[in-house]
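Engineer: no sequence for this one, just the structure:
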């Protein structure tokens with residue numbers, strides 16, 4: 001069983017939004033430790049292959065493609081994985097972070113991994129493009145959704161586990177007892193719980209999330225859409241925990257920055273330090289989050305998602321050509 005502190009905690013105030021790319025620079029900037037940040041980001045791997053397919057810089061918006069990757073090439077015994085479970089690259093989370101170049105306003109859009117697309121690099125689920133590399137995924141997002149991508153940031157979930165442990169755990173709140181037999185998630189009682197890195201990873205990876213309702217274990221019918229929502233909430237809580245910790249104890253910043261730097265890879269043109277002040281301001285103000293409207297269907301015998309009503313309004317805003325729509329959940 002996973003190590004989880006099941007003592008109910010007071011439910012913390014929810015902070016809207018999520019910002020993976022800003023974790024490293026935000027933590028450093030909040031504590032005033034840019035020297036530590038410079039040392040850490042100097043070792044961050046660069047994904048050079050995406051440079052050729054990124055969009056030209058815009059005077060209106062900067063869009064960051066945020067990809068949560070699962071590198072369980074040999075499985076993870078702590079989360080129920082095995083060597084046969086995963087082959088090749090895996091993109092579990094795809095998001096676009098929009099920064100308004102004039103106002104600094106930030107917004108985040110989730111792209112369902114099962115979205116069906118037809119592009120020059122991919123016909124099928126959009127996350128499958130990642131099997132052909134980061135550049136193929138960037139191309140698929142730009143062609144299928146007509147969204148310019150100016151920067152690329154990849155986060156390794158396994159590295160994220162290390163960050164959670166470095167923080168001393170992250171509090172996640174559950175309305176009902178919850179479990180996932182495939183990942184090992186086991187929340188025996190409702191309430192807010194302190195999850196360590198292993199438990200947090202089991203929560204983030206959960207595809208068969210069940211809740212105990214009226215004495216019966218019921219699987220989440222929203223499938224990957226529900227998982228995406230839980231991931232947004234979890235990473236958001238992780239970010240807020242990191243900010244709170246360094247504000248309380250600035251001497252923790254160096255270790256946290258290195259933990260974050262070890263978990264990410266970025267495009268060759270991105271300078272996280274230059275972007276720090278803008279991104280940190282966005283985090284403090286709170287991000288507006290959007291879910292791409294989709295409709296379930298079957299194509300070629302596979303269960304997939306296609307764009308639904310309201311999708312074009314959201315996409316126009318992230319393209320930098322439309323007004324801000326009402327925020328989604």
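Structural biologist: Looks like it arrived, so ask away. Predicted, not measured: the structure shown is a model, and the values here were computed from it.
Engineer: Setting the sequence-adjacent residues aside, check what's closest to residue 217.
Structural biologist: Spatially, and ignoring its direct neighbours in sequence, residue 217 is nearest to residue 210 (4.6 Å; Cβ to Cβ, 6 or more residues apart in numbering). In short, each C-beta sits where N, CA and C put it, glycine included.
Engineer: Spell out, range by range, the strands that occur in the stretch 101-250 of the chain.
Structural biologist: Along the stretch 101-250 of the chain, counting by DSSP state E, counting those that start in this stretch, strands occupy 106-111, 116-118, 123-125, 151-156, 170-174, 178-180, 185-187, 191-195, 210-213, 216-219.
Engineer: Now do the second one: everything it contacts.
Structural biologist: Put plainly, it is strand 116-118. For strand 116-118, contacts defined as Cβ atoms under 8 Å, 6 or more residues apart in numbering pick out 123-126, 129, 140, 143-144, 297, 299, 304-306.
Engineer: Then the fourth one?
Structural biologist: Residues outside strand 151-156 that contact it (Cβ under 8 Å, 6+ apart): 20-21, 47, 50, 54, 62-69, 71, 134, 138, 263-267, 269-270.
Engineer: and if we set it to 6 Å?
Structural biologist: 20-21, 47, 50, 64-69, 71, 263-267, 270 (Cβ atoms under 6 Å, 6 or more residues apart in numbering).
Engineer: Of these, just the buried ones, ChimeraX syntax please.
Structural biologist: Selection of buried members from those for ChimeraX, criterion 16 or more other Cβ atoms under 10 Å:
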select :20,21,47,50,64,65,66,67,68,69,263,264,265,266,267,270
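Engineer: Can you flag which of the contacts of strand 151-156 belong to strands?
Structural biologist: 47, 64, 65, 66, 67, 68, 69, 264, 265, 266, 267 (DSSP state E).
Engineer: how many other residues sit next to the nearest residue to the fifth one once chain neighbours are set aside?
Structural biologist: In other words, residue 67. Ranked by Cβ to Cβ, 6+ apart and with sequence neighbours excluded, the top spatial neighbour of residue 67 is residue 154, at 4.7 Å. Per other Cβ atoms under 10 Å, the neighbour tally for residue 154 reads 25.
Engineer: can you pull up the bridge partners for residue 154?
Structural biologist: residue 67, residue 265 (DSSP bridges).
Engineer: hmm, back to that, and the two most separated of the ones in strands among the contacts of strand 151-156?
Structural biologist: 68 and 267 (16.1 Å; Cβ to Cβ).
Engineer: returning to what we had before: so which of the strands of the stretch 101-250 of the chain is nearest residue 244?
Structural biologist: strand 170-174 (10.7 Å).
Engineer: Could you figure out how far that closest one is turned away from strand 191-195?
Structural biologist: 150 degrees (axes from the mean of the first three to the mean of the last three Cα atoms, to 10 degrees).
Engineer: what sits against residue 172?
Structural biologist: residue 195.
Engineer: Need the contact partners of stretch 51-66.
Structural biologist: Residues contacting stretch 51-66 (Cβ under 6 Å, 6+ apart): 20-21, 95-99, 135, 138-139, 148-153, 268, 320.
Engineer: Mind checking which of the contacts of strand 116-118 are buried?
Structural biologist: Judged by 16+ other Cβ under 10 Å, buried ones among the contacts of strand 116-118: 124, 125, 126, 129, 140, 143, 144, 304, 305.
Engineer: Show the pLDDT at the first one.
Structural biologist: We note a pLDDT of 94 for residue 124 in this prediction.
Engineer: Go ahead and confirm residue 190 touches residue 173.
Structural biologist: No - in this structure, residue 190 is not within contact of residue 173 by Cβ atoms under 6 Å, at 8.6 Å.
Engineer: residues contacting residue 176?
Structural biologist: 190, 211, 212.
Engineer: make it 7 Å
Structural biologist: 190, 211, 212, 213 (Cβ atoms under 7 Å, 6 or more residues apart in numbering).
Engineer: What is the burial count for residue 217?
Structural biologist: Residue 217: 12 neighbours (other Cβ under 10 Å).
Engineer: What residues are bridge-paired with it?
Structural biologist: Applying DSSP bridges, one finds that residue 217 bridges with residue 212.
Engineer: what about the stretch 1-150 of the chain, any weak spots by pLDDT?
Structural biologist: 1-43, 70-92 (pLDDT under 70).
Engineer: Distance check, the residue nearest to residue 67 against residue 267.
Structural biologist: Going from residue 154 to residue 267 by Cβ to Cβ, to the nearest Å gives 9 Å.
Engineer: Find residues that contact each of these two.
Structural biologist: residue 47.
Engineer: Can you list the low-confidence ranges for the stretch 201-329 of the chain?
Structural biologist: 235-236, 239-240, 243, 245-262, 272-286, 328-329.
Engineer: what about the helices in it?
Structural biologist: 223-248, 253-261, 272-285, 311-319 (DSSP state H, counting those that start in this stretch).
Engineer: can I assume residue 98 is in contact with residue 147?
Structural biologist: No - at 9.1 Å, residue 98 does not count as touching residue 147 under the criterion of Cβ atoms under 7 Å.
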